[in-house]
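Asks: Could you work out the structure for the sequence below:
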Amino acid sequence: MAFEIVSESITLPSGDGSMAAHLVRPQAPGDHPGVVVAFEIFGLTAHIRDVAERIARLGYTVIVPDFYHRAGTGIDFTDDPDGRRKGLELSGRLTREGAVEDIRAAVDHLRAGGAPSVGMVGFSFGGHLAYLGATQFDLAATAVFYAGWLGSGDIGLGRPEPTLGLTEGIAEHGGRLAFFVGDEDHAVPAADREAIAARLAEAGVRHEVTVYPGVAHGFFCDVRDTYRKEAADDAWLRVQELFAAELPQRG
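Replies: Residues are numbered from 1 along each chain as shown. Reported below is the predicted structural model:
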């Protein structure tokens, strides 16, 4: 069943200020489960809005926080050298404290709107945000796509200690996490993949790590040349199964 959807721009309180967000929800009334979507370094792009709509059509209320709101509004970089440089700069400046405030604002809004359960999905930099969110909040299901820097302090999200060191928080909240990555991903090399899988297992997190042979970074984005349909379709099916199992619809 595909739900008819509606979308709108909303403003949420976050920390000592406010944050814009993109909200997409089923048109049908009801207490739909909620999903927070975290974007790549390029910001709130048309691709990320499309992902939010795809999830909403499955029957979820979806929020895409504007994690770049401290630097401006409506930031949407193109995938070219200049856009990548700007995106890396902004993503590197987002602090863990600021990110946690933003995720909290989105989760609180979903729960206040009647969501009986909340999950999260993120891509690349957003995958790191989703992993972080799962360590801090009661997220029933988290889908992490090719998250970089989890084991390092190279960006603000990874300080004061690497985000991977917070993995026990996912188990404490009882959440389930699915990690998707290609075996040719420059941002998540084999050593990092092994460290992530080992940490999840050691912490007792319910998890699955899916590695796609011959696939590089960014394989889920269907508007870039890194897109790999077979891997993307398989991952999308697994995300749907994850959410159906852990974020069940009411009624």
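
Asks: What ranges in the stretch 51-200 of the chain fall below the confidence cut-off?
Replies: Within the stretch 51-200 of the chain, not a single segment meets pLDDT under 70.

Asks: switch to 90 and redo it
Replies: Judged by pLDDT under 90, the stretch 51-200 of the chain has its weakly predicted residues at 72-74.

Asks: Would you map the helices across the stretch 101-250 of the chain?
Replies: Secondary structure of the stretch 101-250 of the chain (DSSP state H, counting those that start in this stretch): helices at 125-136, 168-172, 190-203, 229-246.

Asks: ok, and for the third one, which residues are buried?
Replies: It stands for helix 190-203. Residues of helix 190-203 classed as buried: 192-193, 195-196, 199-200, 203 (neighbour count, 16 or more other CB atoms under 10 Å). Where C-beta positions appear, they are placed from N, C-alpha and C, glycine not excepted.

Asks: which other helices and strands contact it?
Replies: helix 168-172, strand 176-182, strand 206-212 (3 or more CB pairs under 8 Å, 6 or more residues apart in numbering; DSSP states H and E).

Asks: which other residues reach it?
Replies: Helix 190-203 is contacted by residues 150-151, 164, 167-168, 170-171, 177, 179, 181, 183, 188, 207, 209, 211 when judged by CB atoms under 8 Å, 6 or more residues apart in numbering.

Asks: tell me which of the residues you listed is nearest to Thr142?
Replies: Leu177 (4.6 Å; CB to CB).

Asks: neighbours around the closest one, how many?
Replies: When neighbours are defined as other CB atoms under 10 Å, Leu177 has 25 of them.

Asks: My read is that it contacts Ile170, right?
Replies: Yes - proximity of Leu177 to Ile170 meets the contact threshold set by CB atoms under 8 Å, at 5.9 Å.

Asks: overlap in contacts of these two?
Replies: By CB under 8 Å, 6+ apart, Leu177 and Ile170 have these common neighbours: 134, 142, 200, 205.

Asks: how about the residues you listed in JSON lines, adding distance to Leu110?
Replies: Output for the shared contacts of Leu177 and Ile170, formatted as JSON lines (distance: CB to CB, whole Å):
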{"residue": "Ala134", "distance to Leu110": "15"}
{"residue": "Thr142", "distance to Leu110": "14"}
{"residue": "Leu200", "distance to Leu110": "25"}
{"residue": "Val205", "distance to Leu110": "22"}
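
Asks: Which strand residues bridge the residue lying closest to Thr210 once chain neighbours are set aside?
Replies: Of all residues not flanking Thr210 in the chain, Phe180 sits nearest, at 5.2 Å (CB to CB, 6 or more residues apart in numbering). Using DSSP bridges, the bridge partners assigned to Phe180 are Phe145, Thr210.
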